[in-house]
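K.L.:
sequence first, then the predicted structure:
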Amino acid sequence: MEFTVEQIAAMLGGTIQGDGNGRINMLAKIQDAKAGQIAFLSNPKYENYIYTTGATAVIVSKQFTPRKPIATTLIQVDDPYISFTVLLEEYHKLISFQKSGIEEPSYIGKDSQTGKAVYRGAFSYIGNNVKVGDNVKIYPHVFVGDNVQIGNNVILHPNVKLYAGTRIGNNCVIHSGTVIGSDGFGFAPQADGSYKTIPQLGNVVIEDDVVIGANTVVDCATLFGDSTIIRKGVKLDNLIQIAHNVEIGKNTVIAAQAGISGSTKVGENNMIAGQVGIAGHLVIANNTHIGAQSGISKSIKEEGQRILGYPAFDIKEYFRAYTVFKKLPSISYRLKQLEDRIYGNSQEEKSRTVSESAE
Amino acid sequence: MEFTVEQIAAMLGGTIQGDGNGRINMLAKIQDAKAGQIAFLSNPKYENYIYTTGATAVIVSKQFTPRKPIATTLIQVDDPYISFTVLLEEYHKLISFQKSGIEEPSYIGKDSQTGKAVYRGAFSYIGNNVKVGDNVKIYPHVFVGDNVQIGNNVILHPNVKLYAGTRIGNNCVIHSGTVIGSDGFGFAPQADGSYKTIPQLGNVVIEDDVVIGANTVVDCATLFGDSTIIRKGVKLDNLIQIAHNVEIGKNTVIAAQAGISGSTKVGENNMIAGQVGIAGHLVIANNTHIGAQSGISKSIKEEGQRILGYPAFDIKEYFRAYTVFKKLPSISYRLKQLEDRIYGNSQEEKSRTVSESAE
Amino acid sequence: MEFTVEQIAAMLGGTIQGDGNGRINMLAKIQDAKAGQIAFLSNPKYENYIYTTGATAVIVSKQFTPRKPIATTLIQVDDPYISFTVLLEEYHKLISFQKSGIEEPSYIGKDSQTGKAVYRGAFSYIGNNVKVGDNVKIYPHVFVGDNVQIGNNVILHPNVKLYAGTRIGNNCVIHSGTVIGSDGFGFAPQADGSYKTIPQLGNVVIEDDVVIGANTVVDCATLFGDSTIIRKGVKLDNLIQIAHNVEIGKNTVIAAQAGISGSTKVGENNMIAGQVGIAGHLVIANNTHIGAQSGISKSIKEEGQRILGYPAFDIKEYFRAYTVFKKLPSISYRLKQLEDRIYGNSQEEKSRTVSESAE
């Protein structure tokens, strides 16, 4: 993973001022960069660093005119920040997908196939009748149950667990410790107060371009042939609970420690903040934004709402109500003062009794 | 795992209309079923499917009279839904317990014993002086620490971690990533602002018929000889925190992401919803139902309550108070209007000053 | 791990009454203790047990004068409770660090070094170019990514996952299932409603004396050279979310299921209770105590506050406001009564309209 300045300039469509043969193996901030590294200059506040940087090359704007002599090589582009971002992404991809081959000991069951350029880390486990696509990276301690199917360009970080029957699309990334396909939480109460387990026989389907964080759990659907579904482009953070038979719509983003209860259908392009809880059997409209720690106990039918609270309602109204909530002791006191003035003391007693019986 | 229609009819106490020799290897919904599968018809809405289904057999009520010719074989029973549920459970049990034998590499320490029909998956680890009962299924990447004891018919899904000294009863299921017996969170503050670790030397005891979801944590008790206890029949969902020295009473059900703080005793037959938090050193009475996201800061002494909020109180009262909470800006405005009317503007100022000093 | 009574008395600076040659291999409570065990008597309520205990030795105060004959050996010290605590800690340390050597199969990559007295459990994985200090205990199923550095006296419980580039100081303990260094949750919205992954290229730095519970997640920083930082002496409980670029100040304690969003800086000596959520890009002052389930949406600038609620404010004020919240139906009723009295029925209608338009 080493490139010449010329190769990088070609990739970015930039022009070189200086030595095109310098070798780059890392990206860095301009103030920290050393030989072998490339940085960028976008914000004029950082201009001084370009005269002293140890970077082998710096990406700059075509408009940039040095005020002093410069030791580093310049790559001139239209937008240095965007160009640097492109490099970051390429670098990240290279890093993420660099592992390949099979480390031993690893385990693979009967009738299972893996594609090209697959990495199978030491102590990774693949069950029977599994299909794994091309360029899939299966890190150490990953468990892939029987009959699982995985697309192309998928990264399963160390210790991901895929229960039997899970389906994963293309270009998905799942982080460490996440469990896909564990049993839904279904128990039938019995006459003696105990519970009988309702068998959970469905699976989980994860479509393309899904990213799931660490230590998250997605339960399987209850019935045969049913699936808990994570649609294309969904991003789930860490420590999230997705219960059985839930469906998360396309391009919805859910932050850490949120929980979605059984059979709820979350629409597309939702933004669900951290520690939100959504009750079961609800439908949440597209483009809903739910504020952190909110509790959702009813379906959201109208699209595009911003809500907060428990139960959640319009976020601006929530904050207005909460502003008054903080003053409630004063409001209570003021109400009492008014009552004393209007009713006098004896009347007040009567009023109290009435109001309390109304509670 | 293939059965004839006759074998299944015998198991259900049903009578056959058609070919008893058909072979069944799967269950399915009547609208989806194919050859080799069995379905059921209970709801009359689905009757049309029985004339077109590809199922090898369909379970029907004894009262069912076809209106058209039927290609599939019928098994007539008293209640087709219940019979199908029985099949589902048998199927689930077969699937769950089908693994057996020892996959290599796996690790077992000194002086450890395992019973009959035990499965030890590849990369599973059993420490020293461990006792494992009959028909226990230890999936890949499971860790069983030293001196652990496990009963019969227990399933430890991939990556369950049992710290040293844990006790597990019979017929328990623990899902992936769950940690049993990690150190309780105990630290003694020191004069310099730092904390000294309080050694956690107890263990965890899990009684019979307990089911625990994925990525849940149950900490060990602090003192020697003390245990964090999960009583018979308890069902815990995913991502739950059970702190040191907690006791969860018989047949209590706790939903995902709830947390029970140290030394709290939860009674029997509680239903604790998702994301509930219970403070430490409390006692929660039997048959308490706690609504989602509630915070419990005091013991619940009276049995059979339904509570919600933070701190939680009667759920109906909570919703009545919350209904008014949403209107607080209006209430604040109306109170101010009354004050203006009663006191006039100068008086109001005075009242304000008084009420604020009362806050 | 067996000591004579004499050895223990010497360690505690105590004097022996009885047989100094008795052999001790365990600690126990005085009411439960058996031969081979040592207990302590501090609370006079338990004095009766000392005349009947099976313990080989009991630690007592120098002031203790038996009222009856005693069979067990006494070790007299200044403060029996503190002496017992010292023993507990020594015992715990012995237990925790007792494992050593390499169990097979285990994996270690290229150019990686481990110090003295290191334990590498079966199925543990160490990547390339890793540095591990002395007396480090790497339990089974631990994953240590490439370029990780670990100090001395560190315990990584089964299944800890350290992503590439993580730095761990000395004397740290990390419990099972915890993930350090997973990708931060960063996605850039695109015109078509989808999201592009922002590469996460920083790492996590954990300083000395940090304890982290089970199934917690600490994400890496976003940019090159940046770190998510857990400062010296921090204690994190189970199932906590620490997002990218967060910094947790020295000796701060965070209880289970709390979540800290990206780029927030938490001060020193904070106490953050369970299920608290803190929004991103905030600064929390030193010595802040945050009550359970609170939501923090603004920076806390003043040190030493005790806060609660969502959004959180002074804890005493919260409880006073909440006391009135519970009575809101009554307050609403009383306000209406006053309005009826002042305005009469027709006026009231008008007032209503006005107030609602003000909402």
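P.N.:
Okay, I see it.
K.L.:
state the mean pLDDT of the helix or strand harbouring A:Val205.
P.N.:
According to DSSP states H and E, A:Val205 maps onto strand A:203-206. Taken as a whole, strand A:203-206 has an average pLDDT of 98.
K.L.:
following that strand, which helix or strand shows up next?
P.N.:
strand A:211-212.
K.L.:
what about that following strand, near chain C?
P.N.:
Yes. In terms of CB under 8 Å from any CB of the partner chain, part of strand A:211-212 sits within range of chain C, namely A:Val211. (Glycine included, C-beta is placed from N, CA and C.)
K.L.:
packing partners for that strand?
P.N.:
strand A:173-174, strand A:235-236 (3 or more CB pairs under 8 Å, 6 or more residues apart in numbering or on different chains; DSSP states H and E).
K.L.:
about what we covered before: what about the strand holding A:Val205, near chain B?
P.N.:
No. Strand A:203-206 lies out of reach of chain B by CB under 8 Å from any CB, never closer than 12.0 Å.
K.L.:
near chain C at all, that strand?
P.N.:
No. Against chain C, strand A:203-206 shows no contacts by CB under 8 Å from any CB, the least distance being 15.6 Å.
K.L.:
distance from that strand to the middle of the chain?
P.N.:
17 Å (CA atoms, centre = their mean, to the nearest Å).
K.L.:
strands paired with it, and their directions?
P.N.:
strand A:167-168 (parallel), strand A:227-230 (parallel) (DSSP bridges).
K.L.:
now these in a markdown table, with distance to A:Ser42?
P.N.:
Shown next, in a markdown table, are the strands paired with strand A:203-206 (distance: least, CB to CB, whole Å):
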| stretch | distance to A:Ser42 |
| --- | --- |
| strand A:167-168 | 37 |
| strand A:227-230 | 36 |
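K.L.:
separation between A:Asn269 and chain C?
P.N.:
Between A:Asn269 and chain C the computed distance is 5 Å (CB to the nearest CB, to the nearest Å).
K.L.:
does that residue count as helix, strand or coil?
P.N.:
Under DSSP: H, G, I helix; E, B strand; the rest coil, the three-state class of A:Asn269 is coil.
K.L.:
which ones are touching the closest residue to chain B within the stretch 101-250 of chain A?
P.N.:
The nearest approach of the stretch 101-250 of chain A to chain B comes at A:Pro199, 3.3 Å away (CB to the nearest CB). Counting by CB atoms under 8 Å, 6 or more residues apart in numbering or on different chains, A:Pro199 touches A:Thr222, B:Leu88, B:Glu89, B:Tyr91, B:His92.
K.L.:
please flag which of the residues you listed sit within helices.
P.N.:
B:Leu88, B:Glu89, B:Tyr91, B:His92 (DSSP state H).
K.L.:
ok, so of the residues you listed, who is nearest C:Ser299?
P.N.:
Distance to C:Ser299, by CB to CB, is smallest for B:His92 among the ones in helices among the contacts of A:Pro199, at 51.6 Å.
K.L.:
assign the residue nearest to that closest one when sequence neighbours are not counted to helix, strand or coil.
P.N.:
Nearest non-adjacent residue to B:His92, counting by CB to CB, 6 or more residues apart in numbering or on different chains: A:Pro199, 3.3 Å away. Here A:Pro199 is coil, with the state taken from three-state DSSP.
K.L.:
tabulate the strands paired with strand A:203-206 (CSV), appending mean neighbour count and mean pLDDT.
P.N.:
Below are these laid out as CSV (neighbours: other CB atoms under 10 Å in any protein chain shown; pLDDT from 0 to 100):
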stretch, mean neighbour count, mean pLDDT
strand A:167-168, 24, 98
strand A:227-230, 25, 98
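K.L.:
returning to that earlier point: farthest-separated two in the ones in helices among the contacts of A:Pro199?
P.N.:
Using CB to CB for every pair in the ones in helices among the contacts of A:Pro199, the one that comes out farthest apart is B:Glu89 and B:Tyr91, at 7.2 Å.
K.L.:
which residues pair with A:Thr197 across the strands?
P.N.:
Beta-bridge partners, per DSSP bridges, of A:Thr197: A:Phe187.
K.L.:
what count of nearby residues applies to it?
P.N.:
A:Thr197 has 19 neighbours, counted by other CB atoms under 10 Å in any protein chain shown.
K.L.:
with A:Gln31 instead?
P.N.:
A:Gln31 has 13 nearby residues by other CB under 10 Å.
K.L.:
ok, A:Arg306 next?
P.N.:
15.
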